[in-house]
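A.B. asks: This is a predicted model, with the sequence first.
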Amino acid sequence: MAGVRVDRTLKTAGLVVLAGAAAGFVAAVLIKNQMTRHQMGLFSPHAFQRLAALGHMARSNASVDRINLLKDFIVWEPRPLLRSRARTILGRMEREIAQPPVDAGSGVA
């Protein structure tokens, strides 16, 4: 009898863990989907869309256009947290632009 009770408890615990993992996976997929759909909404009226757009900008290569866009965004953005995130991305992009390109054929290490 005690063995049956332990088996049921283990099965129930396993199902609860599995259900929690499935719910976490679904939530992660939904959040990623939202971020992908709204990744270009830098000047959106919705803060989450602006955050998603900043995430997209953080993964992109530096360019003068993107740097200027981030400078405009920092002036425009009302939320300090998003402005701070944009400043971090802007700093990284400005450092990238300031570094001279590496010439693979020059032999300079």
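C.D. replies: Happy to help now that I have it.
A.B. asks: hey, let's count contacts and neighbours off CA atoms from now on
C.D. replies: OK.
A.B. asks: residue ranges with poor pLDDT in the chain?
C.D. replies: 1-3, 31, 33-40, 101-109 (pLDDT under 70).
A.B. asks: Tell me the spacing between the residue positioned nearest the centre of the chain and Ala19.
C.D. replies: Geometric centre of the chain, nearest residue: Gly55, 4.2 Å, by C-alpha atoms, centre = their mean. Remark: distance between Gly55 and Ala19 (C-alpha to C-alpha, to the nearest Å) = 29 Å.
A.B. asks: repeat for Met93
C.D. replies: For Met93 relative to Ala19 (C-alpha to C-alpha), the value is 42 Å.
A.B. asks: Who has more neighbours out of those two?
C.D. replies: Neighbour count, other C-alpha atoms under 10 Å: between Met93 and Ala19, Met93 has more, with 21 against 12.
A.B. asks: helix or strand for that one, which one?
C.D. replies: helix 80-98 (DSSP states H and E).
A.B. asks: by contact count, what packs against the biggest helix by length in the chain?
C.D. replies: Identified as the longest helix of the chain according to DSSP state H is helix 2-37. Packing partners of helix 2-37 (3 or more C-alpha pairs under 8 Å, 6 or more residues apart in numbering; DSSP states H and E): helix 47-59.
A.B. asks: Show me which residues of the helix or strand just after the helix it packs on are buried.
C.D. replies: Sequence order places helix 64-76 as the next helix or strand after helix 47-59, per DSSP H and E. For helix 64-76, a neighbour-count test (16 or more other C-alpha atoms under 10 Å) marks Ile67, Leu70, Phe73, Ile74 as buried.
A.B. asks: Output the residues you listed in JSON lines; the columns should cover distance to Val4.
C.D. replies: Formatted as JSON lines, the buried residues of helix 64-76 follow (distance: C-alpha to C-alpha, whole Å):
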{"residue": "Ile67", "distance to Val4": "65"}
{"residue": "Leu70", "distance to Val4": "62"}
{"residue": "Phe73", "distance to Val4": "62"}
{"residue": "Ile74", "distance to Val4": "63"}
